[in-house]
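Q: Quick one: sequence and predicted model below, then my questions.
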Amino acid sequence: MSDTASKSMFYCRMGTGLGLTTVTLIFLTIADIAIAVAYKNILEDNDTSCGLKAAYSMFVIATCAQFTMGVFDAILVCTTLRTNVSCNCVCYHMKVITHFVSCGLIFLGTMIYGIKDPDKVGYAFWMVLIAGFFSLMNALMWLLTQQTKRFLKDAGVNVKNLEKGKKADGTEFD
C-alpha cells in the first residue's frame with residue numbers, strides 16, 4: 001500500500017470524526033439552551049424535579065465532552081496539516097470512550113426527560129436524541145476505522161509517520 005492510502009485514511013478519519021463531533025455539538029448546544037429557556041434556573045429551582053435536573057446535567061456533561069473532543073480533533077488536524085507528520089496523540093481509545101459515554105448520557109437523559117415531563121417533549125428533546133445518534137455514529141466510526149488501520153499496518157503501510165515512500169519498519173517500498 002502506498003503512503004497516499006495512509007494519509008488519505010488519516011485525514012478521512014479525522015475529518016469525519018471532527019464533522020460528526022461538530023454536528024453533535026451543535027445539536028446539543030441548541031437543545032441545552034432551549035431547555036434552559038423552557039425551565040428558568042433549572043438547576044436552582046426547588047419546584048423542578050430532581051430527574052429533570054439530572055437529565056439536564058447529563059446533557060451539559062455530554063456537551064462539554066463533545067466540545068473537548070472537537071477542540072482536540074481540530075488541534076490534531078491543524079498540527080498534522082502544518083507539519084505533515086501524524087503524532088501519536090490520536091488516542092482512539094479516548095475518542096471511542098468519550099463518544100460512547102456521551103451517547104449513554106444523552107440516551108439516559110432523554111429517557112428521564114421524556115418520562116418526567118412528557119408535556120414538554122418538543123424540538124429540544126428530539127435534537128438531543130439526534131445528537132445521541134451522531135455521537136454513537138462517531139464512536140462506531142472510530143471503532144471500525146481502527147481495525148482498518150491495523151490491517152494497513154500489518155500490510156506494511158506506515159500509519160504512524162506520514163513519510164513518503166516508507167514502510168512501517170522504515171524501509172523503502174519496492
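A: Done, it's in. Since we're looking at a predicted model, the values are computed, not measured. Numbers count the residues shown, from 1 in each chain.
Q: Does the residue nearest in space to the middle of the chain lie in a helix or a strand, and which?
A: What sits nearest the mean C-alpha location of the chain, by CA atoms, centre = their mean, is residue 21, with 4.3 Å. In the assignment (DSSP states H and E), residue 21 maps to helix 3-38.
Q: Identify each buried residue in the helix or strand that comes right after that helix, please.
A: As assigned by DSSP H and E, the chain's next helix or strand after helix 3-38 is helix 50-83. The neighbour-count check on helix 50-83 (16 or more other CB atoms under 10 Å) flags 52-53, 55-56, 58-60, 62-63, 65-67, 69-70, 72-73, 76-77, 80 as buried. In this view, the C-beta of every residue, glycine as well, is placed from N, C-alpha and C.
Q: How about stretch 109-116?
A: So for stretch 109-116, counting by 16+ other CB under 10 Å, buried means 109-110, 112-113, 116.
Q: For the chain, give me the ranges with low pLDDT.
A: Along the chain, segments meeting pLDDT under 70 span 1-9, 84-90, 147-174.
Q: buried set for the strand or helix carrying residue 142?
A: Per DSSP H and E: residue 142 is located in helix 123-154. Within helix 123-154, the residues scored as buried using 16+ other CB under 10 Å are 124-125, 127-132, 134-139, 141-142, 145-146, 149, 152-153.
Q: quick revisit: right, and the residue nearest to the centre of the chain touches residue 71 too?
A: No - applying CB atoms under 8 Å as the test, residue 21 and residue 71 come out as separate, 9.4 Å apart.
Q: show me the contacts for the residue nearest to the centre of the chain.
A: 66, 69-70, 73, 99, 138 (CB atoms under 8 Å, 6 or more residues apart in numbering).
Q: between those, which is nearest residue 27?
A: residue 66 (9.4 Å; CB to CB).
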